[in-house]
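Visitor: I'll drop the sequence and a predicted model, then ask my questions.
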Number of protein chains: 4
Amino acid sequence: MHHGNRHGRSEAAREAVLQAADDLVAEIGYARVTIEGIAGRAGVAKQTIYRWWRSKTDILVDAFVADAVQELTLPDTGSFGTDLRAHLEELVRFLEVSDAGAVFRALVGQAQHDPGLALRLRSEILPLLRARDRVPFERAVTRGELPADADIDLLVDRAVGPIHYRVLVTGAPVTAALLDA
Amino acid sequence: MHHGNRHGRSEAAREAVLQAADDLVAEIGYARVTIEGIAGRAGVAKQTIYRWWRSKTDILVDAFVADAVQELTLPDTGSFGTDLRAHLEELVRFLEVSDAGAVFRALVGQAQHDPGLALRLRSEILPLLRARDRVPFERAVTRGELPADADIDLLVDRAVGPIHYRVLVTGAPVTAALLDA
Amino acid sequence: MHHGNRHGRSEAAREAVLQAADDLVAEIGYARVTIEGIAGRAGVAKQTIYRWWRSKTDILVDAFVADAVQELTLPDTGSFGTDLRAHLEELVRFLEVSDAGAVFRALVGQAQHDPGLALRLRSEILPLLRARDRVPFERAVTRGELPADADIDLLVDRAVGPIHYRVLVTGAPVTAALLDA
Amino acid sequence: MHHGNRHGRSEAAREAVLQAADDLVAEIGYARVTIEGIAGRAGVAKQTIYRWWRSKTDILVDAFVADAVQELTLPDTGSFGTDLRAHLEELVRFLEVSDAGAVFRALVGQAQHDPGLALRLRSEILPLLRARDRVPFERAVTRGELPADADIDLLVDRAVGPIHYRVLVTGAPVTAALLDA
DNA sequence: AAATAATCGAGACGGTACGTCGAGTCTTAAT
DNA sequence: ATTAAGACTCGACGTACCGTCTCGATTATTT
């Protein structure tokens, strides 16, 4: 019985590609990142990239997920109001200034033109973010600050929707006034 | 009209280009539309396009604005609640199913990678939409259903933000429950 | 009525490509010549080459024909024997040491793998050479040294065949002894 | 056998490779034969090929020599004229229609671009053919039909040169008229 | 009405990047 | 030690569009 590659893909190459992609988006912006550029920066052959990924967005999804595994903790401030406020401020910081946020915005942008990417975005990335967005509400239910049958996903959409809208669409700054749902 | 046409007959070409661009986005999707494709479809030379526009998004902004001049009227239903509900349902229809909405989503998507486009989007397209979004609230102020010093832009963001968020980001359907702000 | 390109292809580009191809074959040998290399050397875009030629051999045929237009004169020595001897020595010089001969050998070699090239070789290049090869025999007929109904093409094959055979196949030097048909 | 095989079972692999190479040249033509294709067809790893051969032409030389060991006998017809005529007809058949002839033509073609191959061709393959080509002349010397000091190699070149010339260069059919040296 | 000058459709041009192919090298696990 | 498998780096392939250019024809003002 023969069964394909016995030693599998090169982990070193994989990491170099993800790192290079992340770096390049931060340095020159998504639009000017090319597969050839990533390959060159990563010291990897183009063919190796095409062997494992289908497009530059495919790489960036992997890169985003790999990074997202890290940052997890959400401090418990004791009350729903302050918890939520802290979380939303953290969200704004993520969307507007972090490198990961830049990747996220680029992916959401590209997903408007690419149904396949939209699918991956919704099945692999958004659940990660949604889980974090739910935390303040779930704590509030535990504490009894919200009713046990509250529709948390709806509440999350109403809380983070306007923030995404300003960041992605209007470009207006997210003011303190908006952070009071 | 922000460009010359002092001689020659560019108006026919201009309209053919805008129409071709709109059609192509509807037919094959923004990502596969090219300047060459638009030129071919419009029966126009590439150079003619480059004389008047800087990119395919530049064309689409013009096309969107030209279309948007048309559809204007917002029926007055008599009360704030029904007015707003009717408007939001119309907004969902625009974003999710209309050709113009497809162009809008593509432009917002591309604006994530292109600061110049983001600028045009925010200075030429969003004000048109914002004006319409404000109507129900302004009528409510007139009727006395809302206080005269209400921050209408903030209220608009809270009303349409979650809708845009679902359409552009999560892809979740916009349910009746969400249309109750 | 519209009728395509009014100014046609760039003669400068054409000549630069033919020259670059010739030079590269002489410098690095046919096997290491690439389309990209020719394009780079000629200062021309790859697409320009692919617009007008189908392969590197296609370029070389054109280059060979362009060169062959020049060298024409065959001195008349007065007698068949010396005419033929002079011509065959010239042929050996062409095949063994000239740049054009190197191109010819490469084309004959490649024609063994490429029926399309074989066709072009036989319809465009060989007639040029054959015309020259016939001259000594035709003069001999004129002078009465050969009968008027002599099969000149057959005589040519018997005269030049062994020379080509040594150059292309055995690699043995073409000795004086061979030049006595 | 000019290589090791001191351990392992390379002999099966060796034969599979030579057979696959021969078959592929016959099926798809020399130009489209690749090392990967040979490996795949032979059920052998690419590395195994590179361990024992340096190029696809290197394989084909081995394959040709292996085949050539077989067909040997040249019928003695009793007289120089018929002997030679029979041999030349056999040569034409070999060059024009046999699989081995196709390999031979491909190798001669490739040798125009590859000095290393030219060397192997002249040291390993041509002597085999030359030996056969000499037979009719050597018999004629034995019979006294040719003088004992005849330069047989020269006579061979004059007999087979025009035939090779037509097959490799002009593509003209080898007519009966040509077979009268 | 003729002369003038910007614009037109067409498409060749120099480029950049694409996604694919095969070359030749390497590492691994199995024999 | 050699094998089959296949991932690796590398170079070139042939293609698609980009944005610029030149051409000869068209057309609307200007003279």
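Guide: Nice, thanks for sending it over.

Visitor: Residue A:25: what's it in contact with?
Guide: Residues in contact with residue A:25 (CB atoms under 8 Å, 6 or more residues apart in numbering or on different chains) are A:33, A:60, A:99, A:102, A:103, A:106. Placement of C-beta: from N, CA and C, glycine included.

Visitor: so it, which of the three states?
Guide: Three-state call for residue A:25 (DSSP: H, G, I helix; E, B strand; the rest coil): helix.

Visitor: so where's chain A shaky on pLDDT?
Guide: A:1-7, A:69-72, A:181 (pLDDT under 70).

Visitor: change it to 80
Guide: A:1-7, A:69-74, A:180-181 (pLDDT under 80).

Visitor: now residue A:31: how far from chain D?
Guide: Distance of residue A:31 to chain D, computed by CB to the nearest CB, to the nearest Å: 37 Å.

Visitor: Correct me if wrong: that residue contacts residue B:113.
Guide: Yes. When contacts are counted by CB atoms under 8 Å, residue A:31 is listed as touching residue B:113 (4.0 Å).

Visitor: Between those two, tell me which one has more neighbours.
Guide: Counted by other CB atoms under 10 Å in any protein chain shown, residue A:31 and residue B:113 do not tie: residue B:113 has more neighbours, with 18 against 15.

Visitor: in what helix or strand does the residue in chain A that chain C sits nearest to lie?
Guide: Relative to chain C, the nearest point of chain A is residue A:36 (14.9 Å; CB to the nearest CB). Using DSSP states H and E, the element containing residue A:36 is helix A:35-42.

Visitor: same for that helix, what does it pack against?
Guide: Applying 3 or more CB pairs under 8 Å, 6 or more residues apart in numbering or on different chains; DSSP states H and E, one finds that helix A:35-42 contacts helix A:11-28, helix A:46-52, helix A:56-68.

Visitor: Geometric centre of chain A: which residue is closest?
Guide: residue A:104 (4.7 Å; CA atoms, centre = their mean).

Visitor: Can you spell out the domain ranges of chain A, please?
Guide: A:11-53, A:68-179 (automatic domain parsing).

Visitor: what are the ranges of the helices in chain A?
Guide: In chain A, helices defined by DSSP state H lie at A:11-28, A:35-42, A:46-52, A:56-68, A:80-97, A:99-111, A:115-120, A:126-143, A:152-165, listed in chain order.

Visitor: Tell me how many other residues crowd residue A:12.
Guide: Counted with other CB under 10 Å, residue A:12 comes out at 11.

Visitor: how about the domains of chain A in CSV, adding distance to DNA strand E?
Guide: As requested, the domains of chain A are arranged in CSV below (distance: least, CB to the nearest atom of the strand, whole Å):
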stretch, distance to DNA strand E
domain A:11-53, 3
domain A:68-179, 11
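
Visitor: between these, which gets nearest to residue C:124?
Guide: Of all these, it is domain A:11-53 that lies closest to residue C:124, at 38.6 Å by CB to CB.

Visitor: about what we covered before: quick check: nearest residue in space to the residue of chain A closest to chain C, chain neighbours excluded?
Guide: Leaving aside its chain neighbours, residue A:36 sits nearest to residue A:46 (6.2 Å; criterion: CB to CB, 6 or more residues apart in numbering or on different chains).

Visitor: before we move on, what about residue A:18?
Guide: residue A:63 (4.2 Å).

Visitor: so that neighbour touches residue A:23, yeah?
Guide: No. Under the criterion of CB under 8 Å, residue A:63 makes no contact with residue A:23, lying 9.7 Å away.

Visitor: In terms of neighbours, single out the busier of those two.
Guide: residue A:63 (22 against 16).

Visitor: What spatial separation is found between the more buried one and residue B:126?
Guide: Note on residue A:63: its distance to residue B:126, by CB to CB, to the nearest Å, is 31 Å.

Visitor: Pull up the gap between the nearest residue to residue A:173 once chain neighbours are set aside and residue B:135, please.
Guide: Leaving aside its sequence neighbours, residue A:173 sits nearest to residue A:166 (CB to CB, 6+ apart; 7.4 Å). Distance of residue A:166 to residue B:135, computed by CB to CB: 20 Å.

Visitor: Compare these two (neighbour count), which wins?
Guide: Between residue A:166 and residue B:135, residue A:166 has the larger neighbour count (other CB under 10 Å), namely 21 against 16.

Visitor: Between its first and last residues, how far does stretch A:106-116 reach?
Guide: 15 Å (CA to CA, to the nearest Å).

Visitor: is any part of it close to DNA strand F?
Guide: No. Judged by CB under 7 Å from any atom of the strand, stretch A:106-116 and DNA strand F are separated, with a smallest distance of 13.5 Å.

Visitor: what about that stretch, distance to the chain center?
Guide: On the basis of CA atoms, centre = their mean, to the nearest Å, stretch A:106-116 sits 13 Å off its chain's mean C-alpha point.

Visitor: Enumerate the positions of it that are buried.
Guide: For stretch A:106-116, the neighbour count (16 or more other CB atoms under 10 Å in any protein chain shown) marks A:106, A:107, A:108, A:109, A:110, A:111, A:112, A:113, A:114 as buried.

Visitor: Tell me if I'm right that residue A:59 and residue A:49 touch.
Guide: Yes. Between residue A:59 and residue A:49 there is a contact under CB under 8 Å: 7.3 Å.

Visitor: what is in contact with those two at once?
Guide: A:17, A:38.

Visitor: Give me the neighbour count for the residue lying closest to residue A:155 once chain neighbours are set aside.
Guide: The shortest distance from residue A:155 to any non-neighbouring residue, by CB to CB, 6+ apart, is to residue A:137 (5.6 Å). Burial of residue A:137 is recorded as 22 neighbouring residues (other CB under 10 Å).

Visitor: cool, and residue A:89?
Guide: Using other CB under 10 Å, residue A:89 has 13 other residues around it.

Visitor: contacting residues for residue A:136?
Guide: Contacts of residue A:136 by CB under 8 Å, 6+ apart are A:74, A:80, A:83, A:84, A:87.

Visitor: Ok, residue A:100 next?
Guide: Contacts of residue A:100 (CB under 8 Å, 6+ apart): A:64, A:67, A:68, A:94.

Visitor: Return the distance of the third one relative to residue B:12.
Guide: It stands for residue A:68. For residue A:68, the distance to residue B:12 (CB to CB) stands at 52 Å.

Visitor: Please apply the same query to residue A:55.
Guide: Remark: distance between residue A:55 and residue B:12 (CB to CB) = 39 Å.

Visitor: Would you tell me whether stretch A:11-24 gets close to DNA strand F?
Guide: Yes. Remark: stretch A:11-24 sits within contact range of DNA strand F at A:13, A:14, by CB under 7 Å from any atom of the strand.

Visitor: Outside of that stretch itself, list whatever touches it.
Guide: Contacts for stretch A:11-24 (CB under 8 Å, 6+ apart): A:33, A:37-39, A:41-44, A:48-49, A:52-53, A:56, A:59-60, A:62-63, A:66-67, A:99, A:103.

Visitor: Counting neighbours, which of the residues you listed end up buried?
Guide: Buried among those by 16+ other CB under 10 Å: A:33, A:38-39, A:41-42, A:44, A:48-49, A:53, A:56, A:59-60, A:62-63, A:67, A:103.

Visitor: So which of those reach DNA strand F?
Guide: The residues of the buried ones among the contacts of stretch A:11-24 that also fall near DNA strand F, by CB under 7 Å from any atom of the strand, are A:44, A:48.

Visitor: Residue A:135 touches residue A:77, doesn't it?
Guide: No. Using CB under 8 Å as the test, residue A:135 is too far from residue A:77 to be in contact (11.6 Å).

Visitor: overlap in contacts of those two?
Guide: Common neighbours of residue A:135 and residue A:77 (CB under 8 Å, 6+ apart) are residue A:83.

Visitor: So which residues on chain A come close to chain B?
Guide: A:29-31, A:105-106, A:108-114, A:118, A:122, A:126, A:151, A:154, A:157-158, A:160-166, A:168-172, A:177-178, A:181 (CB under 8 Å from any CB of the partner chain).

Visitor: repeat that for 7 Å
Guide: Along chain A, the residues adjacent to chain B under the rule CB under 7 Å from any CB of the partner chain are A:29-31, A:105-106, A:108-110, A:112-114, A:118, A:122, A:126, A:154, A:157-158, A:160-162, A:164-166, A:168-171, A:177-178.
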